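>>> using only what follows, build the 3D model:
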Amino acid sequence: MRYGSRRRRRGIRYKRSRLGGPSRVGRGTARVWFRLILILLLIVIPGIAGERFEAGRRIMVYDTKAAALVSMPLELYVERALAAEMPASYHLEALKAQAVAARTRAIAGHCSRYPEANVCTDSGCCQAYLDDAAQRVKWSLSYPLFRAKLERAVVDTAGEIITYNDEPILVLYHAISGGRTEDVELVFSEPLPYLRGVDSPGEEFGSKYKGQLTVSREKFVKLVNDALPDAGLTAESLESQVEILVRSASNRALATRLGGASAEGRKLRSLFGLNSANFTIAYTAKEVIFDTVGYGHGVGMSQVGAEAMARAGANYLAILTHYYTGVQVTDY
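So this is what the prediction gives:
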């Protein structure tokens, strides 16, 4: 009897699918056609994406790939920086927070490497950048959907920047804090009241929340001794020669002893290309093992932390005022 009952129920579902509304297959086909139509529109009509950003304030951008100084609409630049700096799959509110941060960086001042520009497209100096062609390559068939999502993040925050005492702030951000961000003066030179360490919970889903790097004892000794000749490390004595002396409130290594030399934790991070200065060191008979938590310098907004806050229901204003202490989000 149960077998017959299941057959009848399956029959009812089948008829409803055929007569009462679209089946799962039908809905899937419709989504495929919708995406194909969007792609065709964006191919057939050149420049359709981003035209809404042509009006308004313009800034000077030094395009390092083209080696050229370009006058560009501010909001178009923000969309392209956003495409490069944060995954387009992130929650819309996290993307809005990143858009405001990118806009603030463009408004705040001049590029140190190319003084004639407001910003450059080198992430090591200012912010990363993806033009329309690069976005198409990066996102492939998802391009129309991701592009529309990023444009909404930019439009919904248009003209907004982060200020402290009515001035644009120095925007710093990173991928994953590892649970708490860092006071700016512990990483860079100048203390700033809005770049203070804050808790950043819920980041464990980030793909680089934890990392590990293994090097041979000989390589460790060579790299350290070449960089710090007073260290005098030997492969056989690392356990007694290497020590983390001071950690910050975010658990990042601040001071280390390396034999006869001392170094900041960020020096070791740079020397070995570690994901974070929040690291521990362990040893085997032949190797040195670094275990890291977090990814990046740890100052300012954690992007994965912003995503965690957005998933929990926070809007972009709450995200920005959490990671940048005492700021306001205002129109420039």
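
>>> residue ranges with poor pLDDT in this structure?
1-28, 31-32, 34-52 (pLDDT under 70).

>>> okay, domains of it per the record?
Split into domains by automatic domain parsing, the chain comes to 51-173+300-331, 210-293.

>>> out of these, flag the one nearest Gly202.
domain 51-173+300-331 (3.4 Å; C-beta to C-beta). Using the backbone N, CA and C atoms, a C-beta is placed for each residue, glycine as well.

>>> can you map out the strands along this structure?
All strands of the chain, identified by DSSP state E, fall at 58-63, 68-73, 119-120, 160-164, 167-168, 173-174, 210-216, 242-247, 253-258, 261-264, 279-283, 287-293, 301-302, 328-331.

>>> before we move on, back to that, looking at the domains of the chain, which is nearest to Glu203?
domain 51-173+300-331 (4.7 Å).

>>> can you give the distance from the closest one to the centre of its chain?
11 Å (C-alpha atoms, centre = their mean, to the nearest Å).

>>> which residues touch the residue most central in space within the chain?
Geometric centre of the chain, nearest residue: Ala175, 4.0 Å, by C-alpha atoms, centre = their mean. Residues counted as contacts of Ala175 (C-beta atoms under 8 Å, 6 or more residues apart in numbering) are Gly206, Lys208, Gly294, Tyr295, Gly296, Ser302, Gln303, Val304.

>>> quick one: which of the residues you listed is nearest Glu239?
Once C-beta to C-beta is applied, the member of the contacts of Ala175 that ends up nearest Glu239 is Gly294, at 25.4 Å.

>>> burial check on the closest residue to the closest one other than its chain neighbours, number of neighbours?
Of all residues not flanking Gly294 in the chain, Gly178 sits nearest, at 2.7 Å (C-beta to C-beta, 6 or more residues apart in numbering). As a burial measure, Gly178 scores 30 neighbours (other C-beta atoms under 10 Å).

>>> now swap in Val242 and tell me
19.

>>> correct me, but it touches Gly260?
No. Val242 is beyond contact range of Gly260, at 11.7 Å (criterion: C-beta atoms under 8 Å).

>>> returning to what we had before: does the residue nearest to Gly294 touch Leu274 like I think?
No. Checked against C-beta under 8 Å, the pair Gly178 and Leu274 is beyond contact range at 11.9 Å.
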